[in-house]
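*Asks:* coords below, sequence missing:
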């Protein structure tokens, strides 16, 4: 069980090898990648910023919750920080278990909770030079409650 | 979209690269591995055997169904045949989509349907020399309807 | 009488002792043919635990058997 | 009066122009302090869209502010 922040590229194969367990019949992984578009705008790059100490504490808490709720053998989550471009891997979650149900459910739980709770922020850089901190708009189309 | 049978080891990293798409924000993979135990017995090895032509047809049909049901960008499934030992990768499923929900759901659908419908068989070799074709018992504890 | 090709896999292959054979039969359907072969070779799997493939596609046990068909009796699958 | 350390991240860091600062304040709670700082630095995010961390753990806006505390006002997160 480990939650890690890193400013260097992620290697999914090496990360999955870290979860190897001959009791495991099922390993599920999630790769979150930088898309080249976001709500209709072309994305040229992203910056990820984390509040390290609390991100690690909260990330480890999420992994511990997954272990309590689901019959899994191992789980890990690694999140990038720094400057990323489309196609780059931003987050990796891997879970191994004896049977496949718990691996799928725990993997989904970990990425959902990580996105909702871990203090990591994302700034999108759009074609043309505009930027935006995602979820932080207070007016305009991305503000909460705005739009139809 | 492709369903493949192979008698050589699977390379998940290479398989996932085959699904690369800059529109994809989420890629989910499933790795089915040979466990060292099965219903309490120690497993030393497995043989997988497939009815190739129909396995490929049915596998491709499952991938097409996944594409119809879920908003995904790409999906693939590769299944091993031949002699495997604990820790070996027996099956790999990968799905990429713009958002994570469909990738998780389609990946689960593909592995569930593959296990239920594709004509592939598994013979377990136990410590001590006994063997069993899984799901094929007609008496004893593994027969349908047997046991509590 | 017609002649059909049968391919065997997994448990049926082991119980039959061959991977494939040609059979000349008076059976009218795959279901009738399996009943005959099961008696002859003492296959343990009852028909209701199998599916049948005719010419590389899933088929019906009641289909009309034609000369030259290729049949596979498909034991319960166990991929993954 | 007490002195607390504040770390800024993401949008708040950009709007404040620094990553951290020490502030000597008469505010009794993180909520009161954010209200003062928001007015001073024109932070766009209202308090109800933030969480607060006190000494590297999530805390309460009503907690009693102590001399030497480290505070982080946490903008809406967007990992993954």
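*Replies:* Thanks, I have it. Bear in mind that the values here come from a model prediction, so they are computed numbers and not experimental data. Numbers count the residues shown, from 1 in each chain, chains lettered A, B, ... in the order given.
*Asks:* so how far is stretch A:63-72 from its chain's centroid?
*Replies:* From the chain centre to the centre of stretch A:63-72 is a distance of 17 Å (C-alpha atoms, centre = their mean, to the nearest Å).
*Asks:* cool, and stretch A:112-127?
*Replies:* Centre-to-centre, stretch A:112-127 and its host chain are 8 Å apart (C-alpha atoms, centre = their mean).
*Asks:* same deal with stretch C:12-27?
*Replies:* With C-alpha atoms, centre = their mean, you get 7 Å for stretch C:12-27.
*Asks:* need the distance between the two termini of it.
*Replies:* This stretch, stretch C:12-27, spans 19 Å end to end (C-alpha to C-alpha, to the nearest Å).
*Asks:* how about residues contacting that stretch?
*Replies:* The set of residues external to stretch C:12-27 that reach it, using C-beta atoms under 8 Å, 6 or more residues apart in numbering or on different chains, is B:49, B:133, C:1-9, C:33, C:35-37, C:41-45, C:65, C:73, C:75. All C-beta spots, glycine's among them, are computed from the backbone N, C-alpha and C.
*Asks:* separation between the residue most central in space within chain C and chain D?
*Replies:* Central residue of chain C (C-alpha atoms, centre = their mean): residue C:73, 3.7 Å from the mean position. Applying C-beta to the nearest C-beta, to the nearest Å, one obtains 48 Å for the distance of residue C:73 from chain D.
*Asks:* now, the contacts of stretch C:12-27 that are in strands?
*Replies:* Counting by DSSP state E, the contacts of stretch C:12-27 place B:49, B:133, C:2-7, C:73 in strands.
*Asks:* how about chain C: which residue is closest to chain A?
*Replies:* residue C:80 (8.0 Å; C-beta to the nearest C-beta).
*Asks:* following the longest helix seen in chain C, which helix or strand comes up?
*Replies:* Ordering each helix of chain C by length in residues (DSSP state H) puts helix C:30-41 first. On the C-terminal side of helix C:30-41, the closest following helix or strand by DSSP states H and E is strand C:51-54.
*Asks:* give the pairing partners of that next one; include direction for each.
*Replies:* Using DSSP bridges, the strands paired with strand C:51-54 are strand C:57-59 (antiparallel), strand C:70-74 (antiparallel).
*Asks:* hmm, the host helix or strand of residue A:92 in reach of chain C?
*Replies:* Assigned by DSSP H and E, residue A:92 falls within strand A:89-97. No. Using C-beta under 8 Å from any C-beta of the partner chain, strand A:89-97 stays clear of chain C, with a minimum separation of 13.9 Å.
*Asks:* report the separation between the closest residue to residue A:38 other than its chain neighbours and chain C.
*Replies:* Counting by C-beta to C-beta, 6 or more residues apart in numbering or on different chains, the nearest residue to residue A:38 once its immediate chain neighbours are dropped is residue A:124, at 5.7 Å. Counting by C-beta to the nearest C-beta, the gap between residue A:124 and chain C amounts to 39 Å.
*Asks:* phi, psi for residue A:124 please.
*Replies:* Here is the backbone geometry of residue A:124 (degrees, to the nearest 10): phi -90, psi 140.
*Asks:* next one: the one 10 residues further on
*Replies:* The phi/psi pair for residue A:134 (degrees, to the nearest 10) reads phi -70, psi 140.
*Asks:* give the partner strands of the least confident helix or strand in chain A by mean pLDDT in its sheet and their orientations.
*Replies:* Lowest on mean pLDDT, DSSP states H and E among the helices and strands of chain A sits strand A:37-38, with a mean of 90. Strand A:37-38 pairs in its sheet with strand A:41-50 (antiparallel), by DSSP bridges.
*Asks:* what's in contact with the partner strand?
*Replies:* Contacts of strand A:41-50 (C-beta under 8 Å, 6+ apart): A:5, A:34-37, A:79-86, A:88, A:90, A:118-127, A:130, D:9-10, D:13, D:79.
*Asks:* okay, and which of these map to helices?
*Replies:* D:10, D:13.
*Asks:* quick one, which of the contacts of strand A:41-50 are buried?
*Replies:* Buried subset of these (neighbour count, 16 or more other C-beta atoms under 10 Å in any protein chain shown): A:5, A:34-36, A:79-81, A:84, A:86, A:88, A:90, A:118-125, D:9-10, D:13, D:79.
*Asks:* tell me who's in contact with residue A:37.
*Replies:* Applying C-beta under 8 Å, 6+ apart, the residues near residue A:37 are A:43, B:23.
*Asks:* burial of the residue of chain C closest to chain A, as a residue count?
*Replies:* Applying other C-beta atoms under 10 Å in any protein chain shown, we find 23 residues neighbouring residue C:80.
*Asks:* wait, it touches residue B:89, no?
*Replies:* No. Here residue C:80 does not reach residue B:89: they are 10.9 Å apart, not a contact under C-beta atoms under 8 Å.
*Asks:* just give me the neighbour total for the closest residue to residue A:20 other than its chain neighbours.
*Replies:* Spatially, and ignoring its direct neighbours in sequence, residue A:20 is nearest to residue B:87 (7.0 Å; C-beta to C-beta, 6+ apart). Residue neighbour count, defined by other C-beta under 10 Å, stands at 13 for residue B:87.
*Asks:* now swap in residue A:52 and tell me
*Replies:* 13.
*Asks:* hmm, it is touching residue A:5, no?
*Replies:* Yes. Counting by C-beta under 8 Å, residue A:52 does reach residue A:5; the two are 6.0 Å apart.
*Asks:* what sits against the residue nearest to residue A:100 when sequence neighbours are not counted?
*Replies:* With C-beta to C-beta, 6+ apart as the criterion, residue A:100 has its nearest non-adjacent residue at 3.8 Å, and that residue is residue A:26. Residues in contact with residue A:26, defined by C-beta under 8 Å, 6+ apart, are A:96-100, A:102-103, B:30-33.
*Asks:* that's all I had, so thanks and see you.
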